[in-house]
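Enquirer: 3D, please:
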Amino acid sequence: MFDKIEPYLYSVEKPGRYVGEEMGAVKKQIDEDTVRFLFAFPDIYDIGMSFVGMQILYGLLNEMDNVYCERTFAPWVDMEKLMRDRNIPLYSLETKTNASDFDILGFTLQYEMSYTNILNMLDLGNIPIESKDRDDSMPIVVAGGPCAFNPEPIWDIIDVFFIGDAEEVLPEFINLYKNSNKDNWNRDDFLIKAANIEGIYVPKFHDVKYNEDGTIKERIVDSRVPKVINKAMVKDLNESFYPESFIVPYVDIVHDRVSMEIFRGCTRGCRFCQAGMLYRPIRERTAETILKQSKILLENSGYEEISLSSLSTSDHSEIQFIIRELMDYCYERKIGLSLPSLRLDGFPADILEKINEVKKTNLTFAPEAGTQRLRDVINKGITEDDLITASREAFERGWSTVKLYFMMGLPSETMEDLEGIKTLSYKVKDLFFNMPKEERRGNLKINTSVSCFVPKPFTPFQWIAQDTIEIFEEKQNMLSKEIRDRKVSLSMHDPRTSVMEGVFARGDRKLSNVIKRAWKKGCRFDSWSHHFKYDIWMEAFKEEGIDTDFYTTRERGKDELFPWDFINAGVSKKFLYDEYEKSFNGDLTSDCRKGCKNCGIIEHYGKEVCNV
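Expert: Sure thing, here's the model as predicted:
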């Protein structure tokens with residue numbers, strides 16, 4: 001099959017995306033007992049290969065006996081045309097096997113705007129779009145990731161959703177599949193048993209009834225499966241699987257480096273942050289484990305950069321020791337060390353200065369809001385002084401380019417809050433030029449990035465109304481007029497994409513037909529601005545009789561039943577609503593490390609899992 005397409009790869013952008021054979025890719029013997037799993041990333045290779053979750057699951061599955069995990073990615077538009085013109089189906093990189101010949105096809109759901117790519121990949125793989133149309137000869141289509149915490153917009157497309165940490169669920173799921181082959185179960189027999197594994201949701205066994213106003217009236221659940229889906233959770237990261245080698249691509253990818261996850265979860269409690277709520281409680285890898293695994297990964301991969309990843313890297317309890325020890329190792333080997341997700345109030349300037357001796361690190365500071373009042377509303381927990389101090393220390397140590405990240409459309413936002421974005425940006429600029437000329441290094445550039453806020457499930461702001469496109473555009477126009485300085489570069493996100501993201505983030509089952517209709521009309525790669533077809537999406541909503549404002553600009557009532565309320569993510573709805581109410585007055589909730597806030601995690605998973 002691959003022989004039919006190989007001669008034409010020179011005609012597409014980056015042919016290396018489609019050939020496989022990278023260092024670190026796994027080759028295994030295949031026989032009739034092998035369970036074949038195809039990991040599918042619904043975007044291009046360059047992005048998917050930067051996703052550390054894929055490297056973890058790929059390694060985990062290939063460590064299992066009689067299991068072979070391979071990879072596939074969404075082909076770019078030029079490659080898709082070539083495949084369709086020459087009748088080449090979606091295939092795996094490792095063995096060039098048709099997607100439809102696998103036992104299990106697994107998608108990761110990192111972003112709501114990738115849903116049409118999932119449909120497109122299924123279609124390219126000659127796999128029916130809807131679950132009900134797949135027979136026993138077809139792969140079981142599974143999906144996991146953060147968007148799986150509201151799976152309803154694609155409920156009839158995916159057979160099985162993994163809710164929570166997939167590495168906790170996959171081995172049991174795979175072993176169940178092996179048993180199903182031995183005992184000759186049919187598809188429904190398997191799905192019923194799979195639905196009884198903690199962390200697994202099989203939507204075909206759930207039904208939904210709606211009120212006249214479009215809100216959910218009740219869920220009707222098959223008596224053979226659980227009514228509530230508890231998220232799966234790795235309790236001890238030190239004992240969980242982490243790969244000893246990464247697949248090393250031949251082409252440049254977004255994050256071309258080793259990524260070492262140092263902890264999972266967050267204790268800060270920012271009210272806008274879905275990840276901070278979904279991945280509670282915080283679970284740290286020990287310094288010993290991190291250092292050992294980092295060195296093994298670097299030696300096995302040959303990468304010249306390593307990133308210590310987490311939601312807030314500087315919050316690790318042993319971060320100073322980890323960085324010192326790792327820098328000693330990296331410095332003599334000329335390996336760069338990257339520290340993303342740094343807090344302004346925990347900015348390790350002295351450590352970054354040493355890191356800078358090997359490779360200059362980009363600095364991103366995230367005040368999120370322009371005024372202290374609004375930062376208190378969202379429980380950000382940092383001050384203007386934190387930003388000024390961190391910026392000063394960065395400038396004194398040789399940095400001259402800083403990115404400032406803000407959001408617009410946050411609850412209770414005023415024009416004064418928006419003007420604060422300009423004020424902070426200019427204060428950071430002035431800080432640089434107020435330094436003695438002989439102490440300034442480099443050519444100053446402040447990159448101010450402003451995204452449009454999207455309310456997400458399982459956050460205190462899941463009840464609020466999102467700004468309309470028109471309001472976002474009005475705010476963007478104001479900022480564009482206010483920020484006019486050659487040293488301050490302003491970038492803003494397309495509000496149409498953000499509103500669409502908001503629709504699917506809090507959407508229900510009625511949106512599935514819209515997604516299918518939009519895909520049939522040509523929508524795909526919706527997260528790419530030059531491929532996003534807003535007008536086509538609006539046609540699809542209109543033809544399905546769906547008003548997008550129902551999902552975005554509508555304030556929710558306290559007791560409304562949400563599409564995702566059947567999922568227990570650990571954090572209670574009561575805690576989230578209490579935080580929502582506290583936001584009205586800007587009342588702060590302190591870091592979990594300063595005392596338990598009774599969010600619900602301990603009640604559901606026990607005190608021993610909470611490392612605070």
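Enquirer: What's the mean pLDDT across stretch 51-71?
Expert: For stretch 51-71, the mean per-residue pLDDT is 96.
Enquirer: Show me which residues of it are buried.
Expert: 51-62, 64, 67-71 (16 or more other C-beta atoms under 10 Å). Placement of C-beta: from N, CA and C, glycine included.
Enquirer: In strands, which of these appear?
Expert: Taking DSSP state E, the ones among those that sit in strands are Val67, Tyr68, Cys69, Glu70, Arg71.
Enquirer: Val221 touches Val208, doesn't it?
Expert: No. At 10.1 Å, Val221 does not count as touching Val208 under the criterion of C-beta atoms under 8 Å.
Enquirer: if you count what's nearby, which of those two comes out ahead?
Expert: The neighbour comparison of Val221 against Val208 (other C-beta atoms under 10 Å) goes to Val208, with 18 against 15.
Enquirer: who's in contact with the host helix or strand of that one?
Expert: Per DSSP states H and E: Val208 is located in strand 206-210. Applying C-beta atoms under 8 Å, 6 or more residues apart in numbering, the set of residues contacting strand 206-210 from outside is 152, 155, 216-222, 225, 508-509, 563, 566.
Enquirer: Just the CA atoms of it, as PDB, please.
Expert: Presented in PDB, the C-alpha positions along strand 206-210 are these (Å, rounded to 0.1, in the frame of the first residue of the first chain):
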ATOM      1  CA  HIS A 206     -26.700   6.400  28.400                       C
ATOM      2  CA  ASP A 207     -29.700   8.400  27.200                       C
ATOM      3  CA  VAL A 208     -30.600  12.100  27.800                       C
ATOM      4  CA  LYS A 209     -34.000  13.800  28.100                       C
ATOM      5  CA  TYR A 210     -34.300  17.600  27.700                       C
END
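Enquirer: neighbouring strands for that strand, and are they parallel or not?
Expert: If you go by DSSP bridges, strand 206-210 pairs up with strand 216-221 (antiparallel).
Enquirer: so who does the nearest residue to Asp222 once chain neighbours are set aside touch?
Expert: Counting by C-beta to C-beta, 6 or more residues apart in numbering, Phe205 is the residue found nearest to Asp222 once chain neighbours are left out, at 3.9 Å. By C-beta under 8 Å, 6+ apart, the residues touching Phe205 are Leu191, Ile192, Ala195, Val221, Asp222, Arg224, Val225.
Enquirer: out of those residues, who's nearest Asp417?
Expert: The closest of the contacts of Phe205 to Asp417 turns out to be Val221 (C-beta to C-beta; 43.3 Å).
Enquirer: looking only at pLDDT, what's the mean for the host helix or strand of Val142?
Expert: Using DSSP H and E, the element containing Val142 is strand 140-144. Strand 140-144 comes out with an average pLDDT of 98.
Enquirer: Let's see the distance spanning stretch 548-564 from one end to the other.
Expert: End-to-end span of stretch 548-564 (C-alpha to C-alpha, to the nearest Å): 18 Å.
Enquirer: quick one: contacts of it?
Expert: By C-beta under 8 Å, 6+ apart, stretch 548-564 touches 149-152, 208, 214-218, 457-458, 462-468, 499-500, 502-503, 506-509, 511, 541, 577.
Enquirer: In it, which residues are buried?
Expert: Thr548, Phe550, Tyr551, Thr552, Thr553, Arg554, Arg556, Leu561, Phe562, Pro563, Trp564.
Enquirer: Mind picking the one among those that's closest to Gly302?
Expert: Using C-beta to C-beta, Trp564 is the member of the buried residues of stretch 548-564 that lies nearest Gly302, at 42.3 Å.
Enquirer: Could you measure from that closest one over to Ala390?
Expert: From Trp564 across to Ala390, the span is 36 Å (C-beta to C-beta, to the nearest Å).
Enquirer: right, and Ser149 touches Met277 too?
Expert: Rather than Ser, residue 149 is Phe. No. In terms of C-beta under 8 Å, Phe149 does not count as a neighbour of Met277; the distance is 9.5 Å.
Enquirer: list residues touching both of those two?
Expert: Residues touching both Phe149 and Met277 (C-beta under 8 Å, 6+ apart): Phe458, Ala569.
Enquirer: Comparing those two, which residue is more hemmed in?
Expert: Met277 (28 against 24).
Enquirer: ok, back up a step: sort out for me which of the buried residues of stretch 51-71 are in helices.
Expert: Val52, Gly53, Met54, Gln55, Ile56, Leu57, Tyr58, Gly59, Leu60, Leu61, Asn62 (DSSP state H).
Enquirer: What separation is there between the last one and Glu261?
Expert: Put plainly, it is Asn62. 19 Å.
Enquirer: do the same with the fourth one
Expert: Separation of Gln55 from Glu261 (C-beta to C-beta) stands at 10 Å.
Enquirer: what do you get for the third one?
Expert: Taking C-beta to C-beta as the measure, Met54 and Glu261 are separated by 13 Å.
Enquirer: quick one: which helix or strand includes the most centrally placed residue in the chain?
Expert: Centroid check for the chain by C-alpha atoms, centre = their mean gives Gln110 as the closest residue, at 4.0 Å. Here Gln110 sits in a region with no helix or strand, counting by DSSP H and E.
Enquirer: can you give me the strands in the stretch 101-250 of the chain?
Expert: Per DSSP state E, counting those that start in this stretch, the stretch 101-250 of the chain carries strands over the ranges 104-108, 140-144, 160-162, 200-201, 206-210, 216-221, 229-230.
Enquirer: For the third one, name the packing helices and strands.
Expert: With contacts defined as 3 or more C-beta pairs under 8 Å, 6 or more residues apart in numbering; DSSP states H and E, the secondary structure elements packing on strand 160-162 are strand 140-144, helix 166-183, strand 200-201.
Enquirer: Let me see the ranges of the helices in the stretch 351-500 of the chain.
Expert: If DSSP state H, counting those that start in this stretch is used as the criterion, the helices of the stretch 351-500 of the chain fall at 372-377, 384-396, 415-433, 469-482, 495-505.
Enquirer: Among these, which comes closest to Pro139?
Expert: It is, among these and with distance given as C-beta to C-beta, helix 495-505, at 24.2 Å.
Enquirer: Specify the angle between the closest one and helix 469-482 in degrees.
Expert: Relative orientation of helix 495-505 and helix 469-482, computed by axes from the mean of the first three to the mean of the last three C-alpha atoms, to 10 degrees: 140 degrees.
Enquirer: For this structure, name the helix or strand with the lowest mean pLDDT.
Expert: Here the helix or strand of the chain ranked lowest by mean pLDDT, DSSP states H and E is helix 349-356, holding a mean of 70.
Enquirer: ok, and what's touching that one?
Expert: 320, 323-324, 327, 331, 336-337, 339, 361, 363, 390, 393-394, 396-399.
Enquirer: repeat that with 7 Å
Expert: Ile323, Met327, Leu337, Thr361, Glu393, Ala394, Arg397, Gly398 (C-beta atoms under 7 Å, 6 or more residues apart in numbering).
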